[in-house]
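Visitor: how would this look folded up:
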Amino acid sequence: MTDTELSCLDLPSTIPNTSREDSDLTLVGCSLSPEPVTLVRTKRGGQYRLPQRQQLRNNLLIGVGFLELANALDFSANVWNVVPIPRFVVALMAVGGSLTLLTSLVAVRDFQLSWSNMRLLWEERKYLDQLRAQHARNKDLARYLDGRLGVNVREIGSELVDRVVMDGFLGAGGVIVGIGTLLAIGGANDTVFRASNLLSGYIGNAPAAFYGLVNAVWSVYLWVRFCRHASAVAATPDTAPFRQRLYLRLRRFRWHAMATAVTGLVAGAASMVTATMWYGYVVLIPCILASVFCNFYWRLKLGYDRQIMTTLRSSRPQSLTEELAYVVSVLEALANHTLPEPILNVKPINKNNNNKNNNTESLSTIIQFLVDNDLFEHFCEWLLLQNPTLSARFASDAGQDRILITADSLVKVCAETAPQVYDQARHFLQKYGRRHFEHCERYLLELVGYDSWRQSAGL
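Guide: Numbering: from 1, shown residues only. The predicted structure follows:
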């Protein structure tokens, strides 16, 4: 079942109220703050960009899926483990060893990105723990914070095991294997020959085998966790309108956990076999393909961007099902390639109507929607990229390195061109809004699943 098919599944019979209350629910944190958006001018190109945000990012690198392939590029050193070495084998060793070392740089970069995510998640966890202790008597807020803390555990675990630990072990193993493969070129020297066999054999492949065991333990935990969530969802009446979406989300997590566990264990065992037996590489072929598939599956179906929670805007959070109903209704409208006008109650701009007040009012409404759903910052950045000359109207002088934009100032500056900016806002929502709300939905579905499990367990 695809995401598009899901957009037509059981939805609430009534459209949820979309005048967003002060709530920290939804993955974006729903920024209702009147603080202006700050855009900084880049040194190259002179474009205005957003500074780095406190945001968990779905930034798993594509190249990480090929780390298993990189660790198999020592096949020339292990299959043709003879002296003298044929010339074509020397070429294979040189290429394979060099590519393995270069691919290890991908692991280093992904390690850095994941470590940044982990640091933000740890900061968020400390803040959530403090709030939980302060508001222990507020049952609704405590329940909400417990949900965020529970999902935070899974997020930290995924970043740690699936990225930091994997990048560390497979990256280090790749360096060892790459060096061993290059050393094999000088295999005529007995000392170099033995060193090459060790590095491209058991020593170089041991990190991958060890990671396979660690990943299997984590994957089993995830499998059990999401099976329990699925059972709890089935027994919770409030989740009925979204049950199919919840089942699909939880099933995808289980599929990914099972696939990575089996792939890691088989690849780890096969890599140890390759040290002495060539047919270990045959077993590695499906493991390499599965590793690439799991990488794309996570990036496209499971991962999400979300704002890190740094402030509590309300002591009375909305229910998770209300937030989810809102996000699903917006997604349904965007999936039909329309602005969610029934939800927004926006009066479309009539380009043939010169009534400036009506046009400004319509523009204000759609801008407020962007603000309420934490899309305003990105819209401002995108709008200035589409209209570079617009930045001068927000700055006191064209050479200013930093400009500030509020919703009111944007509407005021764009009053004369309200129909054009309104159309651009619609285009922005169609192009970027759907992905944004899909990520909202992914996070909320996991929150609902975890919350259902806690309630069914009486926690």
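
Visitor: strands of the chain, residue ranges please.
Guide: Using DSSP state E, the strands of the chain run over residues 37-41, 48-49, 55-56, 306-307, 402-405.

Visitor: so what touches the third one?
Guide: In other words, strand 55-56. Strand 55-56 is contacted from outside by Asn117, Leu120, Leu121, Glu155, Tyr304, Asp305, Arg306, Gln307, Ile308, using Cβ atoms under 8 Å, 6 or more residues apart in numbering. C-beta: built from backbone N, CA, C; applies to glycine.

Visitor: settle this for me: the fifth one is touching Leu60, isn't it.
Guide: No - counting by Cβ atoms under 8 Å, Tyr304 sits too far from Leu60 to count as a contact (11.4 Å).

Visitor: how far does stretch 79-92 sit from its chain's centre?
Guide: 43 Å (Cα atoms, centre = their mean, to the nearest Å).

Visitor: other residues contacting it?
Guide: Phe75, Ser76, Met93, Ala184, Ile185, Gly187, Ala188, Phe193, Asn197, Trp278, Tyr281.

Visitor: so who does the closest residue to Val283 other than its chain neighbours touch?
Guide: Take Val283 and drop its neighbours on the chain: the residue closest to it by Cβ to Cβ, 6 or more residues apart in numbering is Ala270, 4.0 Å away. For Ala270, the contact set (Cβ under 8 Å, 6+ apart) comprises Gly280, Tyr281, Val283, Leu284, Cys287.

Visitor: ditto for Ala425
Guide: Leu363, Ile366, Ile367, Leu370, Phe379.

Visitor: out of the residues you listed, who's nearest Arg454?
Guide: Leu370 (33.3 Å; Cβ to Cβ).

Visitor: ok, and the closest non-adjacent residue to the closest one?
Guide: For Leu370, the spatially nearest residue (Cβ to Cβ, 6+ apart) is Phe376, at 4.4 Å.

Visitor: give me the number of residues near the one you found?
Guide: Using other Cβ atoms under 10 Å, Phe376 has 20 neighbouring residues.

Visitor: quick check, pLDDT for it.
Guide: On pLDDT, Phe376 comes in at 92.

Visitor: touching, it and Thr406? I think so.
Guide: No - counting by Cβ under 8 Å, Phe376 sits too far from Thr406 to count as a contact (9.1 Å).

Visitor: shared neighbours, these two?
Guide: Val37.

Visitor: among the contacts of Ala270, which one sits closest to Ala261?
Guide: For the contacts of Ala270, the nearest to Ala261 is Cys287 (12.0 Å; Cβ to Cβ).

Visitor: any idea how far the closest residue to the closest one other than its chain neighbours is from Asn205?
Guide: Excluding the flanking residues, the one nearest Cys287 by Cβ to Cβ, 6+ apart is Ala267, at 3.9 Å. Applying Cβ to Cβ, to the nearest Å, the value for Ala267 to Asn205 is 10 Å.
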